[in-house]
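Asker: With the sequence up front, the predicted model follows.
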Amino acid sequence: MDQKIYEGLCRIAGKDAVFRNEPMSRHTTFRTGGPAQLLVTPDMETLPEVVAFCRQGQLPFLVIGNGSNLLCGDGGVDGVVIEIGKRMAEISVDGTRITAQAGALLSAIAFRAASESLTGVEFAAGIPGSIGGAVVMNAGAYGGELKDVLCEVQVLTREGEILTVPASGLELSYRHSIVPEKGYIVLSAVLSLQPGSREQILSAMDELKTKRVAKQPLEYPSAGSTFKRPEGYFAGKLIEDAGLKGFRVGGAQVSEKHCGFVINRDHATSADILSLMEQVQQKVYGQFGVQLEPEVKMVGIHRKTAAGE
């Protein structure tokens, strides 16, 4: 990418926040993906300037969080990847409200809540994403969803305005919000919790952790649940009933511990993972007439990632 673009981003965000040809495998929990032409890790002050710079220069850009729900193509990602991460991860507490910048990890928020004897977000302790990404997809686990505790979010609009949007204005439903449709970039979120017993909160988190360790393949890179839950079914059970437990394509595998997870078993490529997902979809549809919809977001997949291209 043009040297002037690199230098412009360095002027805005600082040279230590701009990376050239940065492997996306370092920024996704699948641990796959080719290089981003440029990757920027701004803070709260510089993020709007970075986005404005990209828009004014008509540069393609992609905003990511912890990369826990992302499959990036082996050919990489064109343009600028803006990673909202450690430089935007502050968490503050005011009474029963927690305000977290978009890069704060859900696990960190859950443990901060526990330390303040606040209950309501225990379900999120094991979700490997950031609060910004959680808002985008209304993340949930073990019967809890972000919409249960979300009060409001601060977003950056396409026009560069910073707005405060109440949770009721986000149309939160199963793995959905209007954030992508509106072109919003989440800057921070406010959660409304309840006073509780620290011991009981930590005990509940430990119990959920035990369940996760027993039922999920946490020892392998993955993006969590690979497919959304079809109405009236469970994706993992459909995949298992289709005889696909342990099914492999290259280094990618349907987890033997939980068939709802596709794992990077052995140096998988994104092409391996994509091919496996497509074959799982085809076989489940062929046997049960149920179309599995990926929960994983795909970026740069058009760049000769798909099997057979």
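Answerer: Yep, it's here. Numbers count the residues shown, from 1 in each chain.

Asker: who does the worst-scoring helix or strand of the chain on mean pLDDT pair up with?
Answerer: Confidence across the helices and strands of the chain bottoms out at strand 140-141, with a mean of 86, counting by mean pLDDT, DSSP states H and E. Here the strand partners of strand 140-141, with direction, are listed using DSSP bridges: strand 144-145 (antiparallel).

Asker: The stretch 51-200 of the chain: helices as residue ranges?
Answerer: Using DSSP state H, counting those that start in this stretch, the helices of the stretch 51-200 of the chain run over 106-115, 131-137, 179-182, 198-215.

Asker: Over to T28: give its phi and psi.
Answerer: Note on T28: its backbone torsions stand at phi -130, psi 150 [degrees, to the nearest 10].

Asker: If I look at it, what pLDDT would I see?
Answerer: If you check T28, the pLDDT there is 96.

Asker: just G308 next, same as before
Answerer: Value listed for G308 in the pLDDT field: 32.

Asker: Likewise for G300?
Answerer: We have a pLDDT of 88 for G300.

Asker: in the stretch 201-309 of the chain, which spans are strands?
Answerer: If DSSP state E, counting those that start in this stretch is used as the criterion, the strands of the stretch 201-309 of the chain fall at 222-225, 248-249, 252-254, 261-264, 297-299.

Asker: now swap in the stretch 51-200 of the chain and tell me
Answerer: Along the stretch 51-200 of the chain, the stretches classed as strands by DSSP E, counting those that start in this stretch are 61-64, 70-72, 77-83, 91-94, 97-101, 118-119, 140-141, 144-145, 150-156, 162-166, 185-192, 194-195.

Asker: To Q287, which of the ones you listed lies closest?
Answerer: Go through the strands of the stretch 51-200 of the chain one by one with C-beta to C-beta and the one that ends up closest to Q287 is strand 70-72, at 24.4 Å. C-beta here means a position set from N, CA and C on the backbone, and glycine is covered the same way.

Asker: now what about that closest one, what contacts it?
Answerer: Under the criterion C-beta atoms under 8 Å, 6 or more residues apart in numbering, residues 24-25, 28-30, 32-34, 64, 223, 270, 273-274, 296-301 lie in contact with strand 70-72.

Asker: pLDDT weak spots in the stretch 201-309 of the chain?
Answerer: Low-confidence segments of the stretch 201-309 of the chain (pLDDT under 70): 302-309.

Asker: Kindly reformat the strands of the stretch 201-309 of the chain as a markdown table and extend each row with mean neighbour count and distance to G143.
Answerer: Listed next are these as a markdown table, based on neighbours: other C-beta atoms under 10 Å; distance: least, C-beta to C-beta, whole Å:
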| stretch | mean neighbour count | distance to G143 |
| --- | --- | --- |
| strand 222-225 | 23 | 14 |
| strand 248-249 | 18 | 32 |
| strand 252-254 | 26 | 25 |
| strand 261-264 | 27 | 19 |
| strand 297-299 | 19 | 24 |
